[in-house]
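Enquirer: Everything below, folded, please.
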Amino acid sequence: MSFSALPVNELLAHLLAILGAAAPYLLALSLLGTAVWVWWTIRRAALVREALADRVQVEAIPTATFDPGEGEVGRWARQLGRVHYAAAGVPARGSAVRLRYTAVDGKMRCYIEGPAAAAAILAMPGFAEVEVRTHHGQSEIRPVRFSGPGGTP
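Expert: So this is what the prediction gives:
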């Protein structure tokens, strides 16, 4: 017997009977799916928090004749792009690289900050005329805070 031969009322009765029998299983499956989603979200947030708490900072010091070419800049950008892969298991929010520029006594300073798992890549010189110094004192690293509407954090 095919479904096309059944009258519409009988077809609806069959569908309601199937849904009635499957309802407890669908409910249990949806509750399990929600629990797994909540667990995964909490775990991911904990990984991000842990990665952001454990970051390293290096300083890039250029020479007076520093003038990079397009190729050097591209290689350095690809090098910084590898940081996410070197910090395997860390979500993207926790493995981001931050470049911070400051001026002290008229001299510009460039700091590169990233996850501790990728410290080796951050410490690699990206340009021929740039010295990279690692900073072991992590107390200088401050989280970035953006103010919301109305000046509230």
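Enquirer: Which stretches in this protein count as strands?
Expert: Here the chain has its strands, by DSSP state E, at 55-62, 98-104, 107-115, 130-135.
Enquirer: now the third one: mean pLDDT?
Expert: Looking at strand 107-115 alone, the average pLDDT works out to 86.
Enquirer: And that strand, what does it pack against?
Expert: strand 55-62, strand 98-104, helix 119-122 (3 or more CB pairs under 8 Å, 6 or more residues apart in numbering; DSSP states H and E). The way it works is simple: take the backbone N, C-alpha and C, and place the C-beta from them, glycine included.
Enquirer: repeat that with 7 Å
Expert: strand 55-62, strand 98-104 (3 or more CB pairs under 7 Å, 6 or more residues apart in numbering; DSSP states H and E).
Enquirer: where are the low-confidence patches of this structure?
Expert: When residues are selected by pLDDT under 70, those of the chain lie in 1-6, 135-153.
Enquirer: now the spatially most central residue of it: how far from K107?
Expert: Nearest to the mean C-alpha position of the chain, by CA atoms, centre = their mean, lies A92 at 1.3 Å. A92 sits 33 Å away from K107, going by CB to CB, to the nearest Å.
Enquirer: Restrict stretch 41-58 to CA atoms and write it as CSV.
Expert: Output of stretch 41-58 as CSV, limited to C-alpha atoms (Å, rounded to 0.1, in the frame of the first residue of the first chain):
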residue,chain,number,x,y,z
THR,A,41,30.0,27.3,25.2
ILE,A,42,31.2,27.3,28.8
ARG,A,43,34.3,25.3,27.9
ARG,A,44,35.2,27.5,25.0
ALA,A,45,34.8,30.7,27.2
ALA,A,46,37.1,29.1,29.8
LEU,A,47,39.7,28.3,27.1
VAL,A,48,39.6,31.9,25.9
ARG,A,49,39.9,33.3,29.4
GLU,A,50,42.9,31.0,30.1
ALA,A,51,44.6,32.0,26.9
LEU,A,52,44.1,35.7,27.4
ALA,A,53,45.5,35.4,31.0
ASP,A,54,48.6,33.7,29.7
ARG,A,55,50.1,35.9,26.9
VAL,A,56,53.6,36.9,26.0
GLN,A,57,54.9,40.2,24.7
VAL,A,58,57.9,40.9,22.4
